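Student: any chance you could fold what I've pasted below:
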Amino acid sequence: MERSIQKYVEVDQGRVTVDVHGEPDQPAIVLIPGAMADAAAWSAVARHLDGWPTVAVVNRRGREPSGPLPDGYGLATEIEDAAAVLRGFTDVRTLFGWSYGGLIALHLANIRPVPHLIAYEPVMAPFGAAALPDLRRAQDDGDLDASITVALQQVTGMDDATTAALRADTATWSELRRLGAPAYRETLAINEAARPAVLAARAARVDLVVGERNRGRAPYGTSFDDVARHVPGAVVHELTGQGHLAHLDAPGHLASLVSRLGTLDT
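Tutor: Okay, the predicted model is just below:
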């Protein structure tokens, strides 16, 4: 389904935009992207989703046209922003989060009821912790190229050759620079977040999804396992043939799984 409107949600010290696909306010799924991604990066997944008349994709702060990250930014900021977005819809049936967005969704479901939560490769501390000094240095120097390189190589584990190929692609690297500006503050927020014994305590049902290529492998598969240990009763699913960037590499495949999980609740 195509985007129908872009909503503006007023939040503390700023605003968050939400791309709404389909109906403006019917039974909804709300998607929260993670780091180095925005609502546009998830539009192909949104267009392929079935089962919810309303598909809302949050454009988290730090990504235009949403406002910048505020003073005192941390995971609590993201949770409050996400809660404000949910209040803007009358019937949220499913909350979906990817990567850092998955951590946000899981924490949000500790403070408010959520009928159904799906998280694709959510991360938690100590994810990316070793990269924080270099990310901080790059931010202090105002060096976006260095920040992206550190994020790709030290956080995601990308090799030199793949990083060099991305940097040689002017359009791709420009997009990474645009989306990667908050890398240090977001990675710090992940690692400074509280670690409750149980996540998603108020979710009626939780499905956790890991890509087949990352299952049991650092950094995403091992962080996924850490998260799963904090979500008792969650059902774990594997997305065949995919890794962390399934929303870009196979949006239809990912959407098909999410849609199938959604229909199990009806």
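Student: residues making contact with stretch 190-202?
Tutor: 74-75, 100, 103, 105-107, 109-114, 117, 123-129, 132, 206, 227, 230-232, 234 (CB atoms under 8 Å, 6 or more residues apart in numbering). For the C-beta atoms, the positions are set from N, CA and C on the backbone; glycine is no exception.
Student: just how off-centre is the helix or strand of the chain with the lowest mean pLDDT within its chain?
Tutor: For the chain, counting by mean pLDDT, DSSP states H and E, strand 3-11 ranks last in confidence among helices and strands (a mean of 92). Averaging C-alpha positions (CA atoms, centre = their mean, to the nearest Å) puts strand 3-11 18 Å from its chain's average.
Student: packing partners for that strand?
Tutor: strand 14-22, helix 75-87 (3 or more CB pairs under 8 Å, 6 or more residues apart in numbering; DSSP states H and E).
Student: and residue 150, what is it in contact with?
Tutor: 131, 134-135, 138, 183.
Student: redo these as a markdown table? Include neighbour count, pLDDT and distance to residue 30.
Tutor: Putting the contacts of residue 150 into a markdown table (neighbours: other CB atoms under 10 Å; pLDDT from 0 to 100; distance: CB to CB, whole Å) gives the following:
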| residue | neighbour count | pLDDT | distance to residue 30 |
| --- | --- | --- | --- |
| 131 | 20 | 98 | 29 |
| 134 | 18 | 98 | 34 |
| 135 | 23 | 98 | 29 |
| 138 | 22 | 97 | 32 |
| 183 | 25 | 97 | 24 |
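Student: of all these, which comes closest to residue 1?
Tutor: Here the nearest of those to residue 1, counting by CB to CB, is residue 183; it sits at 31.4 Å.
Student: that closest one contacts residue 145, doesn't it?
Tutor: No - if you go by CB atoms under 8 Å, residue 183 and residue 145 don't touch, sitting 11.8 Å apart.
Student: how about residue 257: what's its closest non-neighbour residue?
Tutor: Nearest residue to residue 257 in three dimensions, chain neighbours excluded: residue 239, at 5.8 Å (CB to CB, 6 or more residues apart in numbering).
Student: pLDDT wise, what is the one you found at?
Tutor: On pLDDT, residue 239 comes in at 98.
Student: ok, which of the helices and strands packed on strand 3-11 comes nearest residue 67?
Tutor: Closest among the helices and strands packed on strand 3-11, using CB to CB: strand 14-22, at 3.2 Å.
Student: helices or strands up against the closest one?
Tutor: strand 3-11, helix 43-48, strand 54-59, helix 75-87.
Student: where along the stretch 51-200 of the chain do the helices fall?
Tutor: 75-87, 100-108, 132-141, 144-150, 160-168, 170-180, 183-192 (DSSP state H, counting those that start in this stretch).
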